[in-house]
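*Asks:* Below are the sequence and a predicted model for it; my questions follow.
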Amino acid sequence: MTQPEPSPAPAHSRLTVLAGPTAVGKGTVTAYVREHHPEVWISVSVTTRKQRPGEIDGVHYHFVSDVEFDELVAGDELLEWAVVHKRARYGTPRKPVMEMLAQGRLALLEIDLQGARQVRERMPEARFVFLAPPSWDELIRRLVGRGTEDEAERERRLETARGELAAEAEFDATIVNHEIHAAAEQLIDLMRS
């Protein structure tokens, strides 16, 4: 019995960058995409941040030491990297992104504003999508509701979020995250267009 030929991959693929303020739901939207759209490759960032309960190393992030992060930066192995909320460093490993794009895969980076700006400098052909909250009050409610930061950390994140919200015009498209399923499917539609 002859196996059907697999569908050819597109000749090239366009990287999609998803960014937005803290607690807007970037991680939750990305988790939905991971679960419901296995055709989308999602980059796993490296971070020096401490692992939160329920996070799996290599799935949610690659948790690394400061020394390991320094080595990645020195070796130019990161597509982008930044200090986020004046604390931990986050970065996107370059090699897997380039490999997935070369294979024609739909590729998604979920990163912060600083990282998105760096990717725009290095890969201006990428698609940049801003995930926005329905309102400022809803953003505060989500941040407080997740209960993963103390009061000082929440204030740091809200200060950062004000600046991030002001950068929405820098993006190619905006998705307002009223509901996870709808936001994720809107993102997939953009990636396929």
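*Replies:* Everything's here; your move. Numbers count the residues shown, from 1 in each chain.
*Asks:* Which of the helices and strands in the chain ranks last by mean pLDDT?
*Replies:* Least confident helix or strand of the chain, by mean pLDDT, DSSP states H and E, is helix 136-146 with a mean of 80.
*Asks:* And the next helix or strand past it?
*Replies:* Per DSSP states H and E, the first helix or strand lying C-terminal to helix 136-146 is helix 151-165.
*Asks:* C-terminal to that next one, what's the next element?
*Replies:* Next along the chain after helix 151-165, taking DSSP H and E as the criterion, comes strand 173-176.
*Asks:* Can you report how many residues neighbour Thr174?
*Replies:* 13 (other Cβ atoms under 10 Å). Bear in mind the C-beta positions are built from the backbone N, C-alpha and C, glycine included.
*Asks:* What sits closest to Glu168 if chain neighbours are left out?
*Replies:* Phe130 (4.9 Å; Cβ to Cβ, 6 or more residues apart in numbering).
*Asks:* residues in contact with the least confident helix or strand of the chain?
*Replies:* Helix 136-146 has contacts (Cβ atoms under 8 Å, 6 or more residues apart in numbering) with 21-25, 133, 149, 154, 157-158, 161, 165.
*Asks:* What of stretch 157-165?
*Replies:* With contacts defined as Cβ under 8 Å, 6+ apart, stretch 157-165 is touched by 19-23, 84-86, 112-113, 132, 136, 139-140, 143, 149.
*Asks:* Just give me the closest of the residues you listed to Pro124.
*Replies:* Within the contacts of stretch 157-165, proximity to Pro124 (Cβ to Cβ) peaks at Ala19, which comes in at 15.2 Å.
*Asks:* mean confidence score for the helix or strand Leu131 falls within?
*Replies:* For Leu131, the element it lies in under DSSP H and E is strand 127-132. Strand 127-132 carries an average pLDDT of 97.
*Asks:* Phi, psi for the most centrally placed residue in the chain please.
*Replies:* Residue closest to the mean C-alpha point of the chain, counted by Cα atoms, centre = their mean, is Glu110 at 0.6 Å. The phi and psi values for Glu110, taken as degrees, to the nearest 10, are phi -110, psi 110.
*Asks:* who's it bridged to?
*Replies:* Leu18 (DSSP bridges).
*Asks:* Buried residues in the least confident helix or strand of the chain, which are they?
*Replies:* 138-139, 142-143 (16 or more other Cβ atoms under 10 Å).
*Asks:* With stretch 119-132 instead?
*Replies:* 119-120, 123, 126-132.
*Asks:* Figure out the length between the terminal residues of it.
*Replies:* Taking Cα to Cα, to the nearest Å, stretch 119-132 runs 19 Å from one end to the other.
*Asks:* Tell me how far it lies from the chain's centre.
*Replies:* Taking the mean of its C-alpha atoms, stretch 119-132 sits 11 Å from the chain's own mean (Cα atoms, centre = their mean, to the nearest Å).
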